[in-house]
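Chemist: Need the 3D shape of this:
(3 chains)
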Amino acid sequence: MPRLADMKLTPFLLFLAAITCANAAPLKINGSTTVNLPVAEAAEILRAERHLDIQVDTQGGSSGGISMLAEGSVQMGMSSKPVSAEDQEKYPQCRFHSIHIGEDAVALIVSKDVWDNGVRALTKAQLKDLYEGRVTNWQQLGGAHSQRIAFFNKEPGRGTWEVFVHWLYGSPKNAPQVSFPEVGGNEETRGKVATTRGAISQLSASWADGKSVFALALVGEDGVAVQPSAENIASHKYPLSRPLFVLTNGEPTGDAKVMADFLLSERGQSLVEKHGYLPLNALVK
Amino acid sequence: MAALLGVFAWQSAPVWTQEGLGYITGTKWFYRQHEFGALPLIYGSMMVSAVALVLAGPLGVGAAICIAEYLPSRARFAVKIPIELLAGIPSVVYGLLGALLLRDWVYKTFANFEPLSGDTLLTAGILLGIMLLPTIVTLTDDALRAVPAAQRRAGRALGLTQAEVIWHISLPQAQRGIGAAFLLALGRALGETVAVFLVVGRQDNMLPSNLFSLEPLLAAGQTLTSKLGGSEINIAYGDPLHWGAMMGLGLLLLSLTVGSALVGTLKRSGDA
Amino acid sequence: MRKAKDVFCAALTGTCLLTVLGIVGGLVFAILSRGWPALRLSFFTEQIRLVGAAGGIFWNLVGTGILLGTALLASAPIAVGLALLGRVYLRSERARRWLRVGLYTANGLPSIVFGLFGFIVFVKWCGWGKSWLAGGLVLAMCMLPTVTICLMERIAAVPARYIHAAAALGLSEAQIVWSVLLKQSWGGLVVGSLLGLARAAGETAPIMFTATIFAGATLPKGIVESPVLTLPYHIFTLAQDSFAPGVDAKLWGSALVLLGLVFSMSLAALPSRLLHHEEAHV
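Modeler: Numbers count the residues shown, from 1 in each chain, chains lettered A, B, ... in the order given. Just a heads-up that it's a prediction; the model follows:
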């Protein structure tokens, strides 16, 4: 009966908390699940070592981070896409300050049977056809035999989705009206693609493990297929590379500054790398 | 309750003034283009609930008949305990079971019908059906027990078999109560959020051309609640029309559930 | 022929019942077998580490405890008030009936509606942001009908002769209410609260916009912007976004703990309910 014990402990702990931690408000962070991984681990370290009070949440993905930062309900946002002019327009009062902490890429991942069917790369035009529902069979996209396409779209507000349509259509505003089954978090996406025949979705490249889900190469205008490999992301040869940010309203101060500095430090950057993203020093300047 | 209705009505006002009744009959929901049509969501909610009731209804009533008409009272207690427990399983746990086990099962079992994935209206319906069982069993059992035992004895004394007593005496008298059980269960089904959210696929604008076709059951869909529980709430806040449209869904959901719960309750208490 | 039908009917309904029981058993087994390996003492005493892949659920349990405690404290007095209103102070049968109907209807309202209401009123209008108090109050709204109904039924069961005796002894109405009605029926409040808490403990939809975040909250230090971690939201988040392979065991472990919590509260309420033949308005 852990709960009973807790109920009895609560007033006592509340009292303890009241006398020991009467100091500053916690640092609140919200946003992208992609950026969350290194940031949440950094928060764990800072909590243990520097006794900072940090709360991390991932409501609404990158847009959730941006809107909650602008409304002042968090002090730091996490975003897997750059703050756009539209965002700034929507929140004119907020002075977005973006801190680049690493680089990631949006990969188009497919299930094993699609990979085995011989689909290894797609062109921009093919992706447009797929997104707008003009093709529904992998055979139309280079598959050896007939196989239905099951496209899972990232839900609106996710940085991954915005990066994808930004590349495809220039801006989320220009993206055509489509309705597909929607997926949210990264694991949900990977799980659904891995267990569904003919599946494809957009997912952070670091999640494509090459065992259950496979990242497709993208064919550029010159006809060369570019893999979402570390080198190609670093050199931005892979077109869906994206920077990862933490955001503050104006220059970071106080605990937010501690967090930002930590993320840029060697240890922070090693966390970025640990979770499959490129640290800043790997980028080709 | 009035406060609830009031708040939702007031918050959703922008969408009613802007879109009028087209909001309910509209078939397209594209929030970036400020196009809000709630019909596919209402359809999704209705289909999911219908599947749940079709599955849980006969099973639940059958089980309740067994409990009320056949079992001795000691055995009844023993059986009612696990059913009570079933009622207590939190919806998020159902959602977890659905997302990790049921969707794969549906995907494999109905492979012949080529569902695009395991996230379908049917998956959500089955999951909801299990969740509704305790409601239906318990309320039907109550309704059957409210039928005076003397009538059953009289029936038996006239030479009716037990099955005939159930069919001609108990069930007709418990009809109102059973109807109420279905209505209350319907309210539950319409309002369930988290479990449905995890298995329904969340695909907007899935309105089939033929409303009574069974085909869409094996496609993904979106319900009023899965929309409300999703990330759009965070995006919508701050945009009066979009927020109004979301709250309009809340108002629709509230009216539907209040309606079914109210009628169900009146039916029940009229019986007692 | 009639005989055959009779047997068939018994067999059919019996099969239905066995199926239902089989479903219960299957579900509990599915969770138990997957969640059991995660249950160690450290799972209860450590905080989340590595985004759910390591550590335990200590603060989630504390947070759920805080929400339930708040909900209990907020709902109990109102439930007593409403129950007395329905049983004692409302004279007209019509009004009583409408109060009952209202309560039963409110019991059937979806919890997400309460959640959105809480989001609009507490989080936005009151400007609390995500707060344990908002969540506690929303959960209190969810459980209020159950508590009130249980209490009302128990008050109705107090024998009329007790009241007549008390009145004959010259007790005032307030005294009768306090020392006869409430004294005799406080068990209904306990049972109702247990049932309500069992429901509230597992709710996710009402608290996800109002009170709970995924990681980092410990003890609230005020009201504004003071979220807590909770067990149901932990499961909800990890079910969509388990970040690493180690999460699976922790996830099922959390589900098992939540189930245990809910079951123990419903079971605690059960004997007394069966004794009093209270209907399960679930």
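
Chemist: Local confidence estimate at the residue in the stretch 101-250 of chain B positioned nearest to chain A?
Modeler: With C-beta to the nearest C-beta, the shortest gap between the stretch 101-250 of chain B and chain A falls at B:Asn234, namely 3.5 Å. Bear in mind the C-beta positions are built from the backbone N, C-alpha and C, glycine included. On the pLDDT scale, B:Asn234 is placed at 75.

Chemist: Let me see the contact set for it.
Modeler: For B:Asn234, the contacting residues are A:Gln59, A:Gly60, A:Ser63, A:Gly64, A:Ser67, A:Met68, A:Gly157, by C-beta atoms under 8 Å, 6 or more residues apart in numbering or on different chains.

Chemist: one more time with 10 Å, if that's ok
Modeler: A:Asn30, A:Gln59, A:Gly60, A:Gly61, A:Ser63, A:Gly64, A:Gly65, A:Ser67, A:Met68, A:Gly157, C:Phe209 (C-beta atoms under 10 Å, 6 or more residues apart in numbering or on different chains).

Chemist: so which strand or helix has the closest residue to chain A within the stretch 1-150 of chain C?
Modeler: Relative to chain A, the nearest point of the stretch 1-150 of chain C is C:Gly65 (3.9 Å; C-beta to the nearest C-beta). Element membership for C:Gly65 (DSSP states H and E) is helix C:58-84.

Chemist: Is chain B within reach of the next helix or strand after that helix?
Modeler: Next helix or strand after helix C:58-84 toward the C-terminus (DSSP H and E): helix C:93-107. Yes: using C-beta under 10 Å from any C-beta of the partner chain, helix C:93-107 reaches chain B at C:Arg97, C:Arg100, C:Val101, C:Gly102, C:Leu103, C:Tyr104, C:Thr105, C:Ala106, C:Asn107.

Chemist: try stretch C:258-277
Modeler: Yes: using C-beta under 10 Å from any C-beta, we find that stretch C:258-277 touches chain B at C:258-259, C:261-267, C:269-271, C:273-274, C:277.

Chemist: Now the buried members of those residues.
Modeler: Using 16 or more other C-beta atoms under 10 Å in any protein chain shown as the burial test, those include C:Leu258, C:Leu259, C:Leu261, C:Val262, C:Phe263, C:Ser264, C:Met265, C:Ser266, C:Ala269, C:Leu270, C:Arg273 as buried.

Chemist: so of these, which ones are in helices?
Modeler: Among these, the members falling in helices are C:Leu258, C:Leu259, C:Leu261, C:Val262, C:Phe263, C:Ser264, C:Met265, C:Ser266, C:Ala269, C:Leu270, C:Arg273 (criterion: DSSP state H).

Chemist: Can you check what pLDDT the model gives the third one?
Modeler: In this model, C:Leu261 is scored at 90, pLDDT.

Chemist: Tell me the spacing between it and C:Gly35.
Modeler: Per C-beta to C-beta, to the nearest Å, C:Leu261 is found 13 Å from C:Gly35.

Chemist: cool, the fifth one as well?
Modeler: Between C:Phe263 and C:Gly35 the computed distance is 13 Å (C-beta to C-beta).

Chemist: about what we covered before: excluding chain neighbours, give the residue nearest to the residue of the stretch 101-250 of chain B closest to chain A in space.
Modeler: A:Gly60 (3.5 Å; C-beta to C-beta, 6 or more residues apart in numbering or on different chains).

Chemist: quick revisit: out of the ones in helices among the buried ones among the residues of stretch C:258-277 next to chain B, who's nearest chain A?
Modeler: For those, the nearest to chain A is C:Leu261 (5.5 Å; C-beta to the nearest C-beta).

Chemist: wouldn't the closest one be in contact with C:Thr230 here?
Modeler: No: using C-beta atoms under 10 Å, C:Leu261 is not in contact with C:Thr230; the gap is 11.4 Å.
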